[in-house]
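**Student:** Sequence and computational prediction follow.
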2 protein chains.
Amino acid sequence: MVDLSPIGRIRTPIEETSDAPRQGQNASIEGTIELDPAYEPGLAGVEAGDQLLVVWFAHEADRTLLELDRVEGRGVFSSRSPARPNPIGLTTVEVVAIDGADVQVRGVDMLDGSPVLDLKVPLD
Amino acid sequence: MVDLSPIGRIRTPIEETSDAPRQGQNASIEGTIELDPAYEPGLAGVEAGDQLLVVWFAHEADRTLLELDRVEGRGVFSSRSPARPNPIGLTTVEVVAIDGADVQVRGVDMLDGSPVLDLKVPLD
């Protein structure tokens, strides 16, 4: 078992799974990563205009599904479906502004309140 | 707390952290994702030649570090350092062959035995 303690949560205007945009259609949606203040030192060097890869947990995803019901012969590991045994979401966002441990970003596709596990510089 | 149960482990020739290649220098190193057989149905549709994004856990990483010691004024969230509170690794590999729940891949950079959390189709 791998135990991960979220580093914060992300606030977004997306309240229902059915409202979540498909990847690539979310460029203009803004949200705020609310880091636990204990992790604020980890943000040093992150600046407005930077791209950040948000690693988050899709806490409402179906973790029991292994095969996609909408596409015959396709397993979850050959897809980007949020339904999967460990529903870890990866979304590249643009930093709009930083205020202490709050990072305002553009390009979100996660449900409001989703736990954030990690932030990284994207490979590009 | 987010509890994740690994879907398998990856076998690689990398035995020590100091032997791990930097990203982009690992194109030719082969390894094998040994999925727990219970998850094999999730591989449906994955084929030799496909690109797969491996989400894995850097189980030997330092989880206490928030600032990089080698670069002043840089926090872990503005880096790709494996040291971070939730050391989730992301590596894009090429599928060489599939044998049941074993997936032979090329392009690994993780330590031998690292827990695998998820497999996804890369964004491009």
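**Tutor:** That came through fine. Numbering: from 1, shown residues only, chains lettered A, B, ... in the order given.
**Student:** what's around the closest residue to A:E15 other than its chain neighbours, how many residues?
**Tutor:** For A:E15, the nearest residue in space outside its immediate sequence neighbours is A:D112; the separation is 5.7 Å by CB to CB, 6 or more residues apart in numbering or on different chains. All C-beta spots, glycine's among them, are computed from the backbone N, C-alpha and C. Residues near A:D112, counting by other CB atoms under 10 Å in any protein chain shown, number 15.
**Student:** just the strands in chain A please.
**Tutor:** According to DSSP state E, chain A carries its strands in the segments A:2-4, A:8-11, A:30-35, A:51-57, A:88-99, A:102-106, A:114-120.
**Student:** Could you tell me the least trusted of the ones you listed?
**Tutor:** If you rank the strands of chain A by mean pLDDT, strand A:2-4 sits at the bottom with a mean of 93.
**Student:** Mind telling me which residue is nearest the centre of chain A?
**Tutor:** For chain A, the residue whose C-alpha lies nearest the mean C-alpha position (CA atoms, centre = their mean) is A:W56; its distance is 4.0 Å.
**Student:** Can you name the residues bridging to that one?
**Tutor:** Going by DSSP bridges, A:W56 is paired in beta bridges with A:G89, A:V116.
**Student:** In this structure it contacts A:V116, no?
**Tutor:** Yes. When contacts are counted by CB atoms under 8 Å, A:W56 is listed as touching A:V116 (5.1 Å).
**Student:** Please give me every residue in contact with A:G45.
**Tutor:** Contacts for A:G45 were tallied using CB atoms under 8 Å, 6 or more residues apart in numbering or on different chains; they are B:71, B:73-75, B:78-79.
**Student:** repeat that for 7 Å
**Tutor:** Under the criterion of CB atoms under 7 Å, 6 or more residues apart in numbering or on different chains, the contact partners of A:G45 comprise B:73-75, B:78.
**Student:** sorry, back to before: mind putting the strands of chain A into JSON lines with distance to B:L66?
**Tutor:** Compiled in JSON lines, these are given as follows (distance: least, CB to CB, whole Å):
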{"stretch": "strand A:2-4", "distance to B:L66": "16"}
{"stretch": "strand A:8-11", "distance to B:L66": "13"}
{"stretch": "strand A:30-35", "distance to B:L66": "11"}
{"stretch": "strand A:51-57", "distance to B:L66": "16"}
{"stretch": "strand A:88-99", "distance to B:L66": "15"}
{"stretch": "strand A:102-106", "distance to B:L66": "15"}
{"stretch": "strand A:114-120", "distance to B:L66": "12"}
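**Student:** sorry, back to before: in TSV: the contacts of A:G45, plus pLDDT and distance to chain A.
**Tutor:** Rendered in TSV, the data for those read as follows (pLDDT from 0 to 100; distance: CB to the nearest CB, whole Å):
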residue	pLDDT	distance to chain A
B:G73	86	6
B:R74	93	4
B:G75	96	4
B:S78	95	4
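**Student:** Filter those residues down to just the buried residues.
**Tutor:** Of all the contacts of A:G45 considered here, the ones buried according to neighbour count by 16 or more other CB atoms under 10 Å in any protein chain shown are B:74-75, B:78.
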